[in-house]
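Peer 1: Need coordinates for the following:
(one chain, ligands or ions: 1)
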Amino acid sequence: MEREEDQVGAMAQMSKSLKYVAGAIAASLPASAAFAAWELNMTVGVTELSRDIHGLHMLIFWICVLIAVAVFGMMIYSLVKFRHSRGAVAATFDHSTKAEIIWTIIPCAILVGMAIPAAETLIKIEDTRDSQLSIKVTGYQWKWQYEYLDKNVRFFSTLNREHDRARQLKSGVDPFSVPNYLLEVDRPLVVPVGAKVRVLLTSSDVIHAWWVPAFGMKKDAIPGFVNEMWFRADKPGTYRGQCAELCGRDHGFMPVVVEVKPQAEFDAWLQEQQQAGAPAAASAAAAVTVESAAATVAKAE
Ligand SMILES: [Cu+2]
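Peer 2: Below you'll find the model as predicted:
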């Protein structure tokens, strides 16, 4: 009797742990818009690269479908047509140069046919030349820092406070009542529409990965290294993503939000940021001047 109870207890314990494991797996899955809508296919996205990547993905997919239909069709046909009950007799030859040539040339041609468009897209992805804007993105545990190079604008982007509160255990806030739950920040990255934006990725602590699914691009931010990527968004809007590298305890709480604005609105925003940051920059410059003056005085003494 006691044993039975033990068993029941152990089973209950096991199903509880299974629930935790399932919960952990569910929590670690990316909460992208595509996933939320239960779409099976990749999303097309809003950038030149994401469309190219989607086009390449569909091309390779249909080539694979054709191969599968041809190979399985031939197999099923042969199995049915040449079955033993219909008196089929196995061939006796053990080598065919002709067959070997055919089954070498056809797959090679298919692979070359796939490699050409794939290489074209890969080269395009790596080509960061002629960008209109360069932004340095630094990953921190657990936030992002954006620096507009040569524009004197730099800020941190952190998980929105309301969302941070909602995620706390016993916060009393129903996460389902929070729009874009855990995909909202205090200060989003702002970029102009139609501009080629070069992103320089690095990290100050551990490996992170900057990812916006609608842009089709994801790259690691590694301490001590600078990775490069680019995107050109052709539709204004707000695009959301997440850190895609298991970077520590709060890995799930460092979202990426990008606002794509028309050029004029972006210029106004940039100017506003520059003005807001100007006093700090000026005082920093003044501090440097004072320091160097002090050093000169010290040297003279
Ligand atoms: Cu991270």
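Peer 1: residue in the stretch 51-200 of the chain nearest to the ion?
Peer 2: residue 139 (5.4 Å; C-beta to the ion). Any C-beta I mention is one placed from the backbone N, CA and C, and that applies to glycine too.
Peer 1: quick one: average confidence on stretch 261-276?
Peer 2: In this model, stretch 261-276 has an average pLDDT of 94.
Peer 1: Any buried residues in it, and which?
Peer 2: 261, 266, 269, 270, 273 (16 or more other C-beta atoms under 10 Å).
Peer 1: Off-centre distance for it?
Peer 2: 26 Å (C-alpha atoms, centre = their mean, to the nearest Å).
Peer 1: Would you mind extracting the C-alpha trace of that stretch into PDB?
Peer 2: C-alpha atoms of stretch 261-276 as PDB (Å, rounded to 0.1, in the frame of the first residue of the first chain):
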ATOM      1  CA  LYS A 261      10.300  56.600 -40.000                       C
ATOM      2  CA  PRO A 262      10.100  58.700 -43.100                       C
ATOM      3  CA  GLN A 263      13.400  60.600 -43.700                       C
ATOM      4  CA  ALA A 264      12.100  64.000 -42.600                       C
ATOM      5  CA  GLU A 265      10.700  62.600 -39.400                       C
ATOM      6  CA  PHE A 266      13.900  60.800 -38.800                       C
ATOM      7  CA  ASP A 267      16.000  64.000 -39.300                       C
ATOM      8  CA  ALA A 268      13.800  65.800 -36.900                       C
ATOM      9  CA  TRP A 269      14.100  63.000 -34.300                       C
ATOM     10  CA  LEU A 270      17.900  62.900 -34.800                       C
ATOM     11  CA  GLN A 271      18.200  66.700 -34.300                       C
ATOM     12  CA  GLU A 272      16.100  66.500 -31.200                       C
ATOM     13  CA  GLN A 273      18.400  63.800 -29.800                       C
ATOM     14  CA  GLN A 274      21.500  65.800 -30.600                       C
ATOM     15  CA  GLN A 275      20.100  68.800 -28.900                       C
ATOM     16  CA  ALA A 276      19.100  66.800 -25.800                       C
END
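Peer 1: who touches it?
Peer 2: 148, 151, 152, 153, 155, 190, 191, 192, 193, 194, 195, 236 (C-beta atoms under 8 Å, 6 or more residues apart in numbering).
Peer 1: cool, stretch 225-236 as well?
Peer 2: For stretch 225-236, contacts defined as C-beta under 8 Å, 6+ apart pick out 46-50, 125-128, 131, 191, 193-202, 212, 214-217, 219-221, 239, 258, 260-262.
Peer 1: go again using 6 Å as the cut-off
Peer 2: For stretch 225-236, the external contacting residues (C-beta atoms under 6 Å, 6 or more residues apart in numbering) are 46-48, 128, 131, 193-194, 196-202, 215, 217, 219, 260-262.
Peer 1: Any idea what the residue nearest the centre of the chain is bridged to?
Peer 2: The residue lying closest to the centre of the chain (C-alpha atoms, centre = their mean) is residue 211, at 3.0 Å. Residue 211 forms beta bridges with residue 218, residue 242, as assigned by DSSP bridges.
Peer 1: Number the residues from 639 up from this point.
Peer 2: All set: I'll call the first residue 639, so the last point we hit is now residue 849.
Peer 1: And it, how close does it get to residue 913?
Peer 2: Going from residue 849 to residue 913 by C-beta to C-beta, to the nearest Å gives 32 Å.
Peer 1: go on, residue 871?
Peer 2: Note on residue 871: its distance to residue 913, by C-beta to C-beta, is 25 Å.
Peer 1: repeat for residue 756
Peer 2: From residue 756 across to residue 913, the span is 46 Å (C-beta to C-beta).
Peer 1: Also residue 680?
Peer 2: 41 Å.
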